[in-house]
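A.B. asks: Okay, structure incoming, though there's no sequence with it:
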């Protein structure tokens, strides 16, 4: 086999295939598919790394080392593949969730715009000054010649009115 003699490889194969198959079947806890895959990889490794051994016991020990490492490599490869699939499926789920969240936010934005447009002009102006133009309550009180407590109270009532309007629209859309 070291010289690449195909007949020698066939003799080796027939002499050790059953013994290695049983050994690998035990290593794989009876999983025949895994044992066959590991056996095939063991024979590939034999062809690549074959050398002359002093006796049959040493040769068998070498074969079992090749078989165990083939089985271990096979297990690592499966774990890496499963981990890849887990990462892939979780990323797809995150992407789908993000897409659904973006759609919901867009829908909510449309509902909010409708509710804002339905408010009286003075209430809408309060919200625009506070949240879009980022004026402080003090600045707003000075502008309307009022005190801060009155502006805070009006903002609170307008926010509650806006919230109720958006929730009513959401309920109406969920029934449709």
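C.D. replies: On my side now, so go ahead. Quick caveat, the model's predicted, so the values are computed rather than measured. Numbers count the residues shown, from 1 in each chain.
A.B. asks: hey, where'd the helices end up in the chain?
C.D. replies: With DSSP state H as the criterion, the chain has helices at 6-27, 32-49, 56-118, 121-127, 137-143, 148-175.
A.B. asks: Flag whichever of the ones you listed has the least confidence on average.
C.D. replies: Here the lowest mean pLDDT among the helices of the chain goes to helix 56-118, at a mean of 82.
A.B. asks: Could you tell me the angle between it and helix 6-27?
C.D. replies: 60 degrees (axes from the mean of the first three to the mean of the last three Cα atoms, to 10 degrees).
A.B. asks: ok, the residue in the chain sticking out farthest from the centre to residue 130 distance?
C.D. replies: In the chain, the residue that sits farthest from the middle, by Cα atoms, centre = their mean, is residue 145; the gap is 56.0 Å. Counting by Cβ to Cβ, to the nearest Å, the separation of residue 145 from residue 130 is 17 Å. Backbone N, C-alpha and C define where each C-beta goes, glycine included.
A.B. asks: ok so, going back, output the helices of the chain as TSV; include the columns mean neighbour count.
C.D. replies: Compiled in TSV, those are given as follows (neighbours: other Cβ atoms under 10 Å):
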stretch	mean neighbour count
helix 6-27	14
helix 32-49	16
helix 56-118	12
helix 121-127	15
helix 137-143	15
helix 148-175	13
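A.B. asks: mind checking how far residue 53 is from residue 63?
C.D. replies: 10 Å.
A.B. asks: now residue 117
C.D. replies: Relative to residue 63, residue 117 is positioned 81 Å away (Cβ to Cβ).
A.B. asks: Could you do residue 46 as well?
C.D. replies: For residue 46, the distance to residue 63 - Cβ to Cβ - is 7 Å.
A.B. asks: And residue 172, by the same measure?
C.D. replies: 75 Å.
A.B. asks: With residue 27 instead?
C.D. replies: 12 Å.
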